[in-house]
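Engineer: below are the sequence and a predicted model; questions follow.
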Amino acid sequence: MLQQQASKNEIVTQNTELSGLIPRSPVVVIMGHVDHGKTTLLDTIRKTNVAAREAGGITQSTGAYEILHKVQDDFATKTRKITFIDTPGHEAFSNMRSRGATVADLAILIVAADDGVKPQTKESIQTLEETKTPFVVAINKIDKPNADIEKTINDLMQNGVYLEGRGGNISWQNISAKFGQGIDELLDLVLLAAEVENLTYSPASEFAEGIILEAKRDNQRGVTASAIVKNGVLKAGDYIATKTMRGKIKLLENFKGEKIQEALPSSPVLILGFDDLPIVGEIFKAGLLDIEKIRSDQKVDCKKNCLLIPASDKKSLNIIIKADVFGSLEALSQIIKNLPQENLAINVVDEKIGDINDNDIKLAVSTNSIVVSFKTNISKSVENMASLNNVKIISSEIIYELIKAITDRIEKFYTSTVIGELEILAVFNGQKKEEQVIGGKVLNGSIKNRVQVKILRGDVLIGTGKITNLQKARQDVSEVKTNEECGIMLDSDILTQKGDVLRNEIPPTETK
């Protein structure tokens, strides 16, 4: 079926070239359940050994790589380029898989023949459907003694994946990623699918555009971001900007770590030059950008590490996140950013892998942030520095404990501390709001002279005022305590009446 579609697509491709657009190579994501062979497949394709270097054999970061595949047609052998994105399969990294599918033009859904469709397989299928990403299926581990290809096909059909020759139109290939069986045929299917999609770019585009895959801060090189170029030509020296970050490209490297002057669409590239960490998954634009206009479009607060922070009237809770590995960092960051923010803006000022250090404490001081630490070490000197600077550190090896501590802290933004409440027993002069003379009894806590109070009628807040004079037994006093009666002169925005309650409280605070 793909071959027929590809033939029909030749006319479209010719018309595309005449219009000034140039075909580009496909960007392919490999998706599937943990331990179904995604990284092993990529290893075999690349003739490298990435899996042995992964912790526990599980991929925990997103990488992009280019490979060359030879295709034989009726006249000659051609070499075609394919860019692969390797996405994690562990359940903690679901949003990374979703991002991978959004970046990619095509996908390979890999399913182990000895295991069938599993939870992350189902999630991958859902992601591919939601993002409308075309895909082919690789049934892996056919070399296993307990491999059951028919059962795997039935599992796929029960989950809405209908394969060619089995009542559907999705191309598929049996493979053994470990031994290389069926790999060439699988890559042929990928390239046929790419022809059907008619992937192109405009070399004359004013700007280069692409998507940020990873971002980190290197001790020697500073901020680095890996990305995929999707249109135009990305060049060293270009200004570059995402929705949250900007900069000027100082250096470009290809996926091999080699210095390059420009990167064409579908190319994975490492970018040095962002002012600070862009957000993973953001679209970037590069070229002759008006950086000053970008600055004026958003509120820039250099007290907050020069991050681009959208203007907001909300109170804010600033957080610095440290974690042991990227996967944990991203999972924790995503959970924190998804916490309810109806009346409170949660700003992740910085997020890094590694132990908490002096610079983190300095940043926390300058940005009025708390530090959230997952499975990282804190030296005694850093603890002392945090204590001296009143920096709150929340640390745990259990994510839900960290989230509970953060939500408890958020509650402080909404919960006032009641200092004292007084019930009005009599109103002696109710004609002038600014000179109300009242008598009352302290119900709890204490009431002090010259403090601001809230006025409640029943459970409803009806106004505010300020105590301008406080007396007990006709003598001026500074404070009246629980069960004591007193006289008050009140300056208020409303007229009070018997039964109202005056409440003195400390409002929600943003202090550490």
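Structural biologist: Looks like it arrived, so ask away. Numbers count the residues shown, from 1 in each chain.
Engineer: gap between the residue nearest the centre of the chain and residue 403?
Structural biologist: The centre of the chain sits closest to residue 334, judged by CA atoms, centre = their mean, with a distance of 4.9 Å. To residue 403, residue 334 is 11 Å away according to CB to CB, to the nearest Å. From N, CA and C alone the C-beta is placed, and that goes for glycine too.
Engineer: please give the element, helix or strand, for the residue nearest to the centre of the chain.
Structural biologist: Using DSSP states H and E, residue 334 sits within helix 326-337.
Engineer: C-terminal to that helix, what's the next element?
Structural biologist: Next helix or strand after helix 326-337 toward the C-terminus (DSSP H and E): strand 344-353.
Engineer: for the helix or strand harbouring residue 424, packing partners?
Structural biologist: Element membership of residue 424 [criterion: DSSP H and E] is strand 417-429. Judged by 3 or more CB pairs under 8 Å, 6 or more residues apart in numbering; DSSP states H and E, strand 417-429 is in contact with strand 436-448, strand 485-492, strand 501-506.
Engineer: domain-wise, how is the chain divided?
Structural biologist: 2-200, 208-297, 307-411, 417-506 (automatic domain parsing).
Engineer: can you map out the strands along the stretch 151-300 of the chain?
Structural biologist: Along the stretch 151-300 of the chain, counting by DSSP state E, counting those that start in this stretch, strands occupy 172-174, 200-201, 208-218, 222-231, 234-235, 239-241, 246-254, 259-260, 262-263, 268-274, 283-287, 300-301.
Engineer: could you list the low-pLDDT ranges of the stretch 1-150 of the chain?
Structural biologist: 1-19, 48-63, 74, 86-101 (pLDDT under 70).
Engineer: need the residues that contact stretch 145-160.
Structural biologist: The contact list for stretch 145-160, computed with CB atoms under 8 Å, 6 or more residues apart in numbering, reads 111-114, 116-117, 121-122, 125, 129, 137, 139, 141-142, 162-163, 166-168, 174.
Engineer: okay, now residue 401: neighbour count?
Structural biologist: 13 (other CB atoms under 10 Å).
Engineer: now swap in residue 369 and tell me
Structural biologist: Other residues lying near residue 369 total 26 when counted by other CB under 10 Å.
Engineer: wait, what's in contact with it?
Structural biologist: Counted by CB under 8 Å, 6+ apart, residue 369 has contacts 318-320, 349, 363, 391.
Engineer: among those, which are located in strands?
Structural biologist: 318-320, 349 (DSSP state E).
Engineer: just the buried ones among the residues you listed, please.
Structural biologist: 318-320, 349 (16 or more other CB atoms under 10 Å).
Engineer: which of these sit farthest apart?
Structural biologist: Farthest pair in these (CB to CB) is 318 and 320. Separation: 7.6 Å.
Engineer: overlap in contacts, those two.
Structural biologist: 349, 367, 369-370.
Engineer: so where's this protein uncertain?
Structural biologist: Using pLDDT under 70, the chain drops low at 1-19, 48-63, 74, 86-101, 289-315, 327, 341-343, 411-416, 430-431, 507-512.
Engineer: could I get the full set of helices for it?
Structural biologist: Ranges of helices within the chain are 2-18, 38-46, 94-103, 119-130, 149-158, 183-197, 291-297, 326-337, 358-367, 380-388, 399-411, based on DSSP state H.
Engineer: any chance of CSV for those helices, columns distance to residue 29?
Structural biologist: CSV is the format used below for those (distance: least, CB to CB, whole Å):
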stretch, distance to residue 29
helix 2-18, 18
helix 38-46, 10
helix 94-103, 4
helix 119-130, 9
helix 149-158, 18
helix 183-197, 11
helix 291-297, 30
helix 326-337, 17
helix 358-367, 34
helix 380-388, 39
helix 399-411, 26
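Engineer: which among those is found nearest to residue 277?
Structural biologist: Short answer: helix 326-337, nearest of these by CB to CB, at 11.1 Å.
Engineer: CA-only coordinates of that closest one in CSV, if you can.
Structural biologist: Output of helix 326-337 as CSV, limited to C-alpha atoms (Å, rounded to 0.1, in the frame of the first residue of the first chain):
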residue,chain,number,x,y,z
PHE,A,326,17.1,14.3,34.3
GLY,A,327,14.1,12.0,34.3
SER,A,328,13.4,12.7,38.0
LEU,A,329,14.0,16.4,37.4
GLU,A,330,11.5,16.6,34.6
ALA,A,331,8.9,14.4,36.3
LEU,A,332,9.1,16.6,39.5
SER,A,333,9.1,19.8,37.5
GLN,A,334,6.0,18.8,35.6
ILE,A,335,4.1,17.9,38.8
ILE,A,336,5.1,21.2,40.5
LYS,A,337,4.1,23.3,37.4
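Engineer: helix 399-411 and that helix, what's the angle between them?
Structural biologist: With axes from the mean of the first three to the mean of the last three CA atoms, to 10 degrees as the basis, helix 326-337 and helix 399-411 are set at 30 degrees to each other.
Engineer: my read: residue 28 touches residue 80, true?
Structural biologist: No - between residue 28 and residue 80 there is no contact under CB atoms under 8 Å: 11.8 Å.
Engineer: which neighbours do these two share?
Structural biologist: By CB under 8 Å, 6+ apart, no residue touches both residue 28 and residue 80.
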